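Colleague: Build me a structure from this.
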Amino acid sequence: MPPVSRNQAQLRMLGPVLCWAIVYADIGTSVYYVPGLLYRSVGTSAATFVLATSLAFVLLAEKYSEIATRYPGGGGVVSVTEEAFGPRMGALGGMLILIDYFLTAAISSISGFIYLATLVPVLQGFEFPLAAAGLLLLGVLNWVGIRESAQVSATIAIVAFGSLLLLIGVTVSQIDAADWSRVGAAATVAGRIPIADAITGFAFAWLAFSGLESLAQISPAMRSPRRRTAGIAMLLVVIAVLATSPLLTALATNLLPATVNPDAFQSELAFAMGGTWLRALVVVSASGLLLFAANTAVVGTYHVVGALADGEFLPRPLMRRSAKLGTPHFAIALAVIVPIAVLAATRGDLGTLGDLYAFGLLGAFVLSSLSLDRVRIAEGRTGLLFWVGVATTGLVVIAFATNLLEKPHATLFGGTLTLAMLVYGLIHRGGMPFLRRERGANVTTQEAERLAAESPGAIEILTLQEALDLKPTYSPRSLVCLRGPNQRLLEEAATHAGGSDQHDVAVLFVEEVPGLFVPRDTQPSLEAREVLAQAVAWLDGQGLTAVPIWRLAQDAGDAIVEVARELGVSAILVGTSQRGSLWRFLRGNVLARLVLRTPREVRIVIIG
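Modeller: Purely as a prediction, here's the structure:
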């Protein structure tokens, strides 16, 4: 296999389709529970308001595409609001999006089991404990370090989107002229609704378009050029949402009898139009997508917590990482415990959860949209696009203000929680001068390694770039890959070096960072420093010069291959994996990836 070029390595970053999958795994889930929420508020005219809100959604999507492009470190509402209005307002945006994520996790988890209960009736009545157990499981998986496979997200998103299109197709083929007349009458009722009720419906319908923030959060992992990737991904999101949400809302709210469960409208519509097989397809794909949305919310929570801790608005110990697993276990616990508490307080009622959800969602939308307007003014970009953006901000402000007035309990909950977090954040900062961050909390692996190399803990080890700088002095032909103390592997390395008259050996420790993002403040772990120090000392005793290299990577196999290629080694020595099948599933099979990616001219020596 030829060496993996930098352009080929770039392909493993997120392209437009994979970005679409991640965002759709969040925003696409709203079609499963929002029609029921709207039905309770505005009845059979729900689709009218979804359509009316669609225009504003498209305009706001364009602004989020620009936000994702402008801030390669991610952060979304936190980054754009901080640039526009300063760090304190940026912190407010972060706290609003935290509320959004808490409610996303709660709603997605309970909705997944509500849908599953329509297919497996024995689960009915147990949706809340099952949702809580599901969130706890997600917490454990993230603590262990589940690999967020964009390919798996893409598969589930495509299956879910395809099942919804199939549901539309089957329904359209089943209904007659009378049904279409009923749907059409409901769709044109908006003109006869009093203006106050119309504004209220417009505000409620924004729940159908949640999830836009996800695109801005995954910006660090986007393929370059980021503007093109973000633009195409958002266009795909808009097409997918508009092709399904308005029509499915209209069909479900007008064709089904009033006795069905509105919280599982799409399952009921599938059963009514296609029978059990279609219900099974819709329910399984819906549950999978909702589970991914809950996991996205958990991951998003601890990344936002990291951004707020980076700005000194939350305690840095919240982002303390497990010495063994490398994951922020305290932040993950927070991301799971709060949604479970919200579910317990609301008894899993979707109507109440939806009201609470709208507060954080629309608050974050207002701040993001208004802040981008402010940034455009500062840059002198006040043409047509700017004024369209201002109009978009006005529409979102109307929706937010309406929700504040129409949902006083949600306003009390959201306002109190936001105020409490903001006051705590300001007190925690203690009035210290705040230095504006030039980068977000997340960076590329290369940037994280460069920053880590400047830390006191990295004095005795090298980054890949530092090792390359030393090539004129040391030219190792063997690469020894260690994950822990391995005396047998070191002995084999010494024997191999002696047999080929080598005096230099490269020793590599890969610090695995699960997920899509690498925190800016990641440093070599104590384990990495100890393992490399012991290896260097032992090899030095054998008369060999060891070059200790430390790397950060989401995929250890890819990192090993890159080091081998850059150093030009002829052999890679690795130990057999001591990890169980569950670990390999969550973190990936290093040996399998290594064999797949290593150039043919490089030998792989596996020491059992």
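
Colleague: Below-threshold pLDDT in the stretch 501-608 of the chain: ranges please.
Modeller: For the stretch 501-608 of the chain, the stretches flagged by pLDDT under 70 are 514-522, 554, 576-597, 608.

Colleague: Kindly recompute the last result at 50.
Modeller: Scanning the stretch 501-608 of the chain for pLDDT under 50 picks out 580-587.

Colleague: Please identify the next secondary structure element, helix or strand, after the longest helix seen in the chain.
Modeller: The longest helix of the chain (DSSP state H) is helix 276-310. Next in sequence after helix 276-310, counting helices and strands by DSSP states H and E, comes helix 329-346.

Colleague: what is the mean pLDDT for the helix or strand just after that next one?
Modeller: Following helix 329-346 in sequence order, the next helix or strand is helix 350-378 (DSSP H and E). For helix 350-378, mean pLDDT is 86.

Colleague: Going by neighbour count, which residues in helix 350-378 are buried?
Modeller: Applying a neighbour-count criterion of 16 or more other CB atoms under 10 Å, one finds 350, 352-376 buried in helix 350-378. The C-beta positions use only the backbone N, C-alpha and C, and glycine is treated the same way.

Colleague: quick one: average confidence on the longest helix of the chain?
Modeller: Regarding helix 276-310, the rounded mean pLDDT is 84.

Colleague: Give me the buried positions along that helix.
Modeller: Buried, per 16+ other CB under 10 Å, within helix 276-310: 278-310.

Colleague: Now do that helix and helix 329-346, the angle between them.
Modeller: Interaxial angle, helix 276-310 versus helix 329-346 (axes from the mean of the first three to the mean of the last three CA atoms, to 10 degrees): 120 degrees.

Colleague: what about helix 276-310, distance to the chain center?
Modeller: Relative to its chain's centre, helix 276-310 lies at 9 Å (CA atoms, centre = their mean, to the nearest Å).

Colleague: what's the burial count for Ala185?
Modeller: Applying other CB atoms under 10 Å, we find 12 other residues in the vicinity of Ala185.

Colleague: Remind me which helix or strand Leu573 belongs to.
Modeller: Using DSSP H and E, Leu573 sits within strand 571-575.

Colleague: Residues contacting that strand, please?
Modeller: By CB atoms under 8 Å, 6 or more residues apart in numbering, the residues outside strand 571-575 that reach it are 477-483, 486, 488-489, 492-493, 496, 560, 564, 590-591, 594, 598, 602-608.

Colleague: Just those residues: which are in strands?
Modeller: Using DSSP state E, the subset of the contacts of strand 571-575 located in strands is Ser478, Leu479, Val480, Cys481, Leu482, Arg603, Ile604, Val605, Ile606, Ile607.

Colleague: looking at these, which has the most residues close by?
Modeller: Val480 (31 neighbours).

Colleague: lowest-pLDDT helix or strand in this structure?
Modeller: For the chain, scoring each helix and strand by mean pLDDT, DSSP states H and E identifies helix 6-10 as the least confident one, at a mean of 39.

Colleague: mind checking how far the strand holding Leu573 is from the chain centre?
Modeller: Per CA atoms, centre = their mean, the centroid offset for strand 571-575 relative to its chain is 34 Å.

Colleague: That strand: partners in the sheet, and parallel or antiparallel?
Modeller: Strand 571-575 sits in its sheet next to strand 478-482 (parallel), strand 603-607 (parallel), going by DSSP bridges.

Colleague: what would those strands look like in JSON lines with distance to Leu508?
Modeller: Below are these laid out as JSON lines (distance: least, CB to CB, whole Å):
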{"stretch": "strand 478-482", "distance to Leu508": "5"}
{"stretch": "strand 603-607", "distance to Leu508": "14"}
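
Colleague: what's the closest of the ones you listed to Val50?
Modeller: Val50 lies closest to strand 478-482 among those, at 53.3 Å (CB to CB).

Colleague: Only the buried residues of stretch 524-535, if you could.
Modeller: So stretch 524-535, judged by 16+ other CB under 10 Å, has buried residues Pro524, Ser525, Glu527, Ala528, Arg529, Val531, Leu532, Gln534, Ala535.

Colleague: Roughly how far does the first one sit from Gly575?
Modeller: Applying CB to CB, to the nearest Å, the value for Pro524 to Gly575 is 20 Å.

Colleague: Repeat that for Ser41.
Modeller: Distance of Ser41 to Gly575, computed by CB to CB: 60 Å.

Colleague: just Arg279 next, same as before
Modeller: Taking CB to CB, one finds Arg279 at 49 Å from Gly575.

Colleague: OK, contacts around the residue nearest to the spatial centre of the chain?
Modeller: Nearest to the mean C-alpha position of the chain, counting by CA atoms, centre = their mean, stands Thr296 at 4.3 Å. Residues counted as contacts of Thr296 (CB under 8 Å, 6+ apart) are Ile22, Ala25, Asp26, Thr104, Ser214.

Colleague: I'd say the fourth one and Glu213 touch.
Modeller: The one in question is Thr104. No: counting by CB atoms under 8 Å, Thr104 does not reach Glu213; the two are 9.6 Å apart.

Colleague: Counting neighbours, go ahead and name the busier of these two.
Modeller: Thr104 (30 against 27).

Colleague: Not counting sequence-adjacent ones, nearest residue to that one?
Modeller: Using CB to CB, 6 or more residues apart in numbering and skipping the chain neighbours, the partner closest in space to Thr104 is Ala297 (4.0 Å).

Colleague: The one you found against Ser108, yeah?
Modeller: Yes: in this structure Ala297 lies within contact range of Ser108 using CB under 8 Å: 6.7 Å.

Colleague: Next, Val260: phi, psi?
Modeller: With angles defined as degrees, to the nearest 10, Val260 sits at phi -80, psi 160.

Colleague: what number of residues lie near it?
Modeller: Neighbours around Val260, by other CB under 10 Å: 17.

Colleague: And for Leu136?
Modeller: Here the number of neighbours of Leu136 (other CB under 10 Å) works out to 13.

Colleague: That one: what's it in contact with?
Modeller: By CB under 8 Å, 6+ apart, Leu136 lies in contact with Val336, Ile340.

Colleague: Which strand or helix spans it?
Modeller: If you go by DSSP H and E, Leu136 is part of helix 127-144.

Colleague: tell me which residues of that helix are tucked away?
Modeller: Here helix 127-144 shows 127-128, 130-132, 134-135, 138-139, 141-144 as buried, counting by 16+ other CB under 10 Å.

Colleague: what is the rounded mean pLDDT of the helix or strand just after that helix?
Modeller: Toward the C-terminal end, the helix or strand that comes next after helix 127-144 (DSSP H and E) is helix 150-174. Here helix 150-174 scores 85 as its mean pLDDT.

Colleague: do stretch 332-339 as well
Modeller: Across stretch 332-339, pLDDT averages out at 88.

Colleague: quick one, what contacts the nearest residue to Val298 once chain neighbours are set aside?
Modeller: Using CB to CB, 6+ apart and skipping residues adjacent in sequence, the residue nearest Val298 is Ala335, 4.5 Å away. Taking CB under 8 Å, 6+ apart, we find Ala335 in contact with Tyr101, Phe102, Ala105, Gly139, Asn142, Ala297, Val298, Val299, Thr301, Tyr302, Val305.

Colleague: right, and out of the residues you listed, which lies closest to Tyr64?
Modeller: Checking those against Tyr64 by CB to CB gives Tyr101 as the nearest, at 15.9 Å.
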